[in-house]
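Novice: What shape does this take:
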Amino acid sequence: MALSIFDIVGSGMNAQSLRLNLVASNISNANSVGSSAADVYKARQPVFAAELNNAMNKQNATSGVKVLGVVESQDAPTMEYAPNHPMADSNGYIFKSNVNTVEEMANMMSASRSYQNNVDVLNTAKQMMLQTLKMGQ
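Specialist: The predicted structure follows:
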């Protein structure tokens, strides 16, 4: 059971790391354009779920964060009239990504803080275990 805290924190750190990677991908593609709504980059977000296994068997109980997948935003891309753009469609429109950079920056700060909180929990648990071992000396 003592090692499960490390599993829980590890799953949280992995989840926030994925979230940060998706934020980086979204921000780097925020200004991408396409010749159709289907071709342009769409913002991607992770889907997480709390996981609790074997709750009835207290000796083997594990919990943490489970990554269910990554979903693309259903928001429509922005159409812009740019007839001279090389990627313009037959009507002269280009399609810009639906990434909201302000929202992505907020996600980045939240994910970064959550990751740091998990690191703090990990360090605290490690210190507590070390102090417990010292008590036996």
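Novice: if I look at residue 84, how far off is residue 74?
Specialist: Plainly put, residue 84 is 30 Å away from residue 74 if you go by CB to CB, to the nearest Å. To be clear about C-beta, it is placed using only N, CA and C from the backbone, and glycine gets the same treatment.
Novice: cool, and residue 12?
Specialist: For residue 12, the distance to residue 74 - CB to CB - is 27 Å.
Novice: can you check residue 13 too?
Specialist: 29 Å.
Novice: Looking at these two, which one has more neighbours?
Specialist: It is residue 13, of residue 13 and residue 74, that has more neighbours when counted by other CB atoms under 10 Å, with 19 against 8.
Novice: Next, the more buried one: secondary structure please.
Specialist: Under the three-state scheme (DSSP: H, G, I helix; E, B strand; the rest coil), residue 13 adopts helix.
Novice: Repeat that for the one 10 residues further on.
Specialist: In terms of secondary structure, residue 23 is helix; the call rests on three-state DSSP.
Novice: The residue nearest to it when sequence neighbours are not counted - how many residues pack around it?
Specialist: Closest residue to residue 23 apart from its sequence neighbours, by CB to CB, 6 or more residues apart in numbering: residue 108 at 4.6 Å. Residues near residue 108, counting by other CB under 10 Å, number 17.
Novice: which element is residue 108 on?
Specialist: Assessed by DSSP states H and E, residue 108 sits inside helix 101-135.
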